[in-house]
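A.B. asks: Here is the input, now give the coordinates:
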Amino acid sequence: MDASQVGFWSVVALVLLALAFDFMNGFHDAANSIATVVSTGVLKPLQAVVFAGVCNVIAIFVFKLTVAATVGKGIVDPGVVDHIVVFGALAGAISWNIITWWYGIPSSSSHALIGGIVGAVIAKAGASKLIAAGIWKTVAFILVSPLLGFTLGSLLMVTVAWLCRRTSPLRVDNVFRRLQLVSAGLYSLGHGGNDAQKTIGIIWLLLISTGQVAAGQAQPPSWVVWSCYIAIGLGTLMGGWRIVKTMGQRITKLKPVGGFCAETGGAMTLFLATALGIPVSTTHTITGAIVGVGSVRSASAVRWGVAGNIVWAWILTIPASAFIAAVAYYMGLVLFG
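C.D. replies: Numbers count the residues shown, from 1 in each chain. Next up is the predicted model:
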């Protein structure tokens, strides 16, 4: 079946599957936005997820759709994409998210989706249909985003420690409990702005490939943009508590000042990446920032074994989701072909 002849209800089903992934992205990555603010006791869990979910949606007014354009047109040749490729990509990403959520591993929903797209396209047409520049830019930021988060988080921690060197610990704690609300809000804006756009990109790709939207259209339909931001906000609202524990306490123990520095460093990284149109992992970013803050106190303050296990999950995410997506693509040929 030619992609342009795909039935309306098949497209609707795949859009709903994409929104389910977007919801799961928010659910899976809720820990990135709220783990530090919960672990420091600044907000209670319910307050934190409501706050983060609202900020996820507000991000629609803050960021241009640069990341959506990269995912929609900059990772693979749009001409090779059809409804079965989209099905395979989403199946691979969702499956990997479920596996890592179950085991409480803070892996990247973003890279699971990129891996899913890559795996499904390779299964259909081979590696020649991948766009090298977009792939390498995304892969490079697997390393760059946590290193940048680490650097900014640690530099902020050193700066704050120097500025507050003559201030009593109690006063510092009280001040940064209030400031952490600002940093958590900024991080949640960055989370919504970067992650919701990845789903916007794949729905846009689906609509172009099935003839629902003209290939030359500069922007995706507004209903796609709104539905993706709302879906990720609702997912964050539901929270992913298994991963909150890992991010908030198992890597290093944080105080409000540390939470502020980690969230601010992570938010700066996300704002930069989104402005450049690079789909990065909010998980990688905040983990690097938390480790950077912890390492300022002392190297022993970081549980490097836990951090090491997380890094292995990062390395495996793209190939694992790509493999699952390739298998799902062949299953899709049987189901929909």
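A.B. asks: Surely S107 is in contact with T317?
C.D. replies: Yes - using C-beta atoms under 8 Å, S107 is in contact with T317, at 5.0 Å. Yep, even glycine has a C-beta here, placed from its N, CA and C like the rest.
A.B. asks: joint contacts of those two?
C.D. replies: Residues touching both S107 and T317 (C-beta atoms under 8 Å, 6 or more residues apart in numbering) are W96, T100.
A.B. asks: Tell me where the stretch 101-250 of the chain has helices.
C.D. replies: 109-125, 132-163, 169-209, 222-238, 241-245 (DSSP state H, counting those that start in this stretch).
A.B. asks: packing partners for the fourth one?
C.D. replies: When contacts are defined as 3 or more C-beta pairs under 8 Å, 6 or more residues apart in numbering; DSSP states H and E, helix 222-238 sits against helix 8-39, helix 45-58, helix 169-209.
A.B. asks: Could you export these as a markdown table, including distance to S281, mean neighbour count and mean pLDDT?
C.D. replies: Shown next, in a markdown table, are the helices and strands packed on helix 222-238 (distance: least, C-beta to C-beta, whole Å; neighbours: other C-beta atoms under 10 Å; pLDDT from 0 to 100):
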| stretch | distance to S281 | mean neighbour count | mean pLDDT |
| --- | --- | --- | --- |
| helix 8-39 | 9 | 24 | 82 |
| helix 45-58 | 16 | 20 | 86 |
| helix 169-209 | 9 | 23 | 89 |
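A.B. asks: Quick check: which of those is nearest to Y330?
C.D. replies: helix 8-39 (17.0 Å; C-beta to C-beta).
A.B. asks: How far does the closest one sit from its chain's centre?
C.D. replies: Relative to its chain's centre, helix 8-39 lies at 9 Å (C-alpha atoms, centre = their mean, to the nearest Å).
A.B. asks: do the same with stretch 27-47
C.D. replies: For stretch 27-47, the distance to the chain centre is 16 Å (C-alpha atoms, centre = their mean).
A.B. asks: swap in stretch 73-81?
C.D. replies: Taking mean C-alpha positions (C-alpha atoms, centre = their mean), stretch 73-81 and its chain are 21 Å apart.
A.B. asks: Okay, buried residues for that stretch please.
C.D. replies: Across stretch 73-81, burial judged by 16 or more other C-beta atoms under 10 Å covers K73, G74, I75, V76, P78, V80, V81.
A.B. asks: residues in contact with the first one?
C.D. replies: This points to K73. L205.
A.B. asks: Now do it against W136, distance only.
C.D. replies: As judged by C-beta to C-beta, to the nearest Å, K73 and W136 stand 16 Å apart.
A.B. asks: Next: the fifth one.
C.D. replies: When C-beta to C-beta is applied, the distance between P78 and W136 equals 18 Å.
A.B. asks: before we move on, what about the second one?
C.D. replies: Relative to W136, G74 is positioned 11 Å away (C-beta to C-beta).
A.B. asks: what does the third one give?
C.D. replies: Taking C-beta to C-beta as the measure, I75 and W136 are separated by 11 Å.
A.B. asks: for the last one, same thing?
C.D. replies: When distance is defined by C-beta to C-beta, V81 is 20 Å away from W136.
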